[in-house]
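Asker: sequence? don't have it. structure:
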């Protein structure tokens, strides 16, 4: 016959049995916390930080980036976007090329110039064209002596040192029989372009129309009545303008991030076109000192003048027409005496565009 267990041993067994469910529950809870932490860490690790540089100080034409950011479009693509202001759309290309930024809002014509003179794989690539019609223009007083482009010979034109309109003036001159050597240039701070023209310190200014048009409005000048405009696009220049460009390294290493970046920006632009007030409110939260009325008008001016065009109504915002782009490349190459003409595929890559049906903008 088996000898009965002591009372003390029975108490120990009962206590141990009672603790088993508690230990199991604690183990499962600890495991769940560990798995959750691992999941959060993995999600954080999948987020890609991107440094993005604009072409200029904050204006209405930048509102869609901040609207996209506020509405979580970059976060949905697992992109942590840092947006910095710039100092010229041509300089945006230089900054991305130098590695200071991985992406930016800059000028495709500056990409063309660099692609013609630098090794393959070292120059940024445009992946989403925003300014279908380049906003380059020469502006002068309507009451002044410059009635035609030819009248610019012997005159003094103002421009910021990094201004894309100045850099592209040789193409305009070549197309219209202007002796560019007879034109004098005065470099000035960007915010003085309109003022120096009004004070007759320069005879004309090479400008971004979307910037200067509304700057004149803010200075109580009627840009339609008091200013004579020579838009490059109206004088034989088929150039595209600003868009989203990225480094070739980002395309190589993280093509899915490039596609996500384009999707998010496009959603922001789409929303800004449909609700400009919301877009300008998002911009104002970044820069409370902006004139919201002026910047809304600037946004709408850009949408109607350089973003939504007959071409984009057919091909959708963001894309280009290859034949036109190749003609534009030829114009740039001839004007700047480039050693070669890059092919369209070297400067623009449409692989990351959303479907055509998603790229039709509706203006409010």
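Answerer: On my side now, so go ahead. Quick caveat, the model's predicted, so the values are computed rather than measured.
Asker: contacts and neighbour counts: CA atoms only from here.
Answerer: Fine.
Asker: So which residues of the chain form strands?
Answerer: Under the criterion DSSP state E, the chain contains strands at 48-53, 79-84, 103-107, 125-129, 136-141, 156-159, 184-187, 204-208, 227-231, 242-246.
Asker: Nearest to residue 295 among the ones you listed would be which one?
Answerer: Proximity to residue 295 (Cα to Cα) singles out strand 204-208 among these, at 14.8 Å.
Asker: Strand partners (parallel or antiparallel) of the closest one?
Answerer: strand 136-141 (antiparallel), strand 156-159 (parallel) (DSSP bridges).
Asker: Could you measure from residue 285 over to residue 142?
Answerer: Noted for residue 285: a distance of 37 Å to residue 142, by Cα to Cα, to the nearest Å.
Asker: same thing with residue 155?
Answerer: For residue 155 relative to residue 142 (Cα to Cα), the value is 15 Å.
Asker: Sketch out the low-pLDDT regions of the stretch 101-250 of the chain for me.
Answerer: Of all residues in the stretch 101-250 of the chain, none has pLDDT under 70.
Asker: got JSON lines for the strands of the chain, with distance to residue 94 and mean neighbour count too?
Answerer: Compiled in JSON lines, the strands of the chain are given as follows (distance: least, Cα to Cα, whole Å; neighbours: other Cα atoms under 10 Å):
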{"stretch": "strand 48-53", "distance to residue 94": "11", "mean neighbour count": "19"}
{"stretch": "strand 79-84", "distance to residue 94": "15", "mean neighbour count": "16"}
{"stretch": "strand 103-107", "distance to residue 94": "10", "mean neighbour count": "29"}
{"stretch": "strand 125-129", "distance to residue 94": "12", "mean neighbour count": "28"}
{"stretch": "strand 136-141", "distance to residue 94": "19", "mean neighbour count": "24"}
{"stretch": "strand 156-159", "distance to residue 94": "18", "mean neighbour count": "23"}
{"stretch": "strand 184-187", "distance to residue 94": "19", "mean neighbour count": "15"}
{"stretch": "strand 204-208", "distance to residue 94": "19", "mean neighbour count": "25"}
{"stretch": "strand 227-231", "distance to residue 94": "25", "mean neighbour count": "19"}
{"stretch": "strand 242-246", "distance to residue 94": "11", "mean neighbour count": "26"}
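Asker: With distance to residue 198 as extra columns, can I get these in JSON lines?
Answerer: Below are these laid out as JSON lines (distance: least, Cα to Cα, whole Å):
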{"stretch": "strand 48-53", "distance to residue 198": "31"}
{"stretch": "strand 79-84", "distance to residue 198": "31"}
{"stretch": "strand 103-107", "distance to residue 198": "28"}
{"stretch": "strand 125-129", "distance to residue 198": "33"}
{"stretch": "strand 136-141", "distance to residue 198": "8"}
{"stretch": "strand 156-159", "distance to residue 198": "12"}
{"stretch": "strand 184-187", "distance to residue 198": "15"}
{"stretch": "strand 204-208", "distance to residue 198": "10"}
{"stretch": "strand 227-231", "distance to residue 198": "10"}
{"stretch": "strand 242-246", "distance to residue 198": "27"}
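Asker: Please name the residues that touch the residue nearest the centre of the chain.
Answerer: The chain has residue 105 as the residue nearest its centroid, 2.6 Å off, counting by Cα atoms, centre = their mean. Shown in contact with residue 105 (Cα atoms under 8 Å, 6 or more residues apart in numbering): 52-55, 89, 92, 242-245.
Asker: Find the pair from these with maximum spatial separation.
Answerer: 52 and 242 (14.1 Å).
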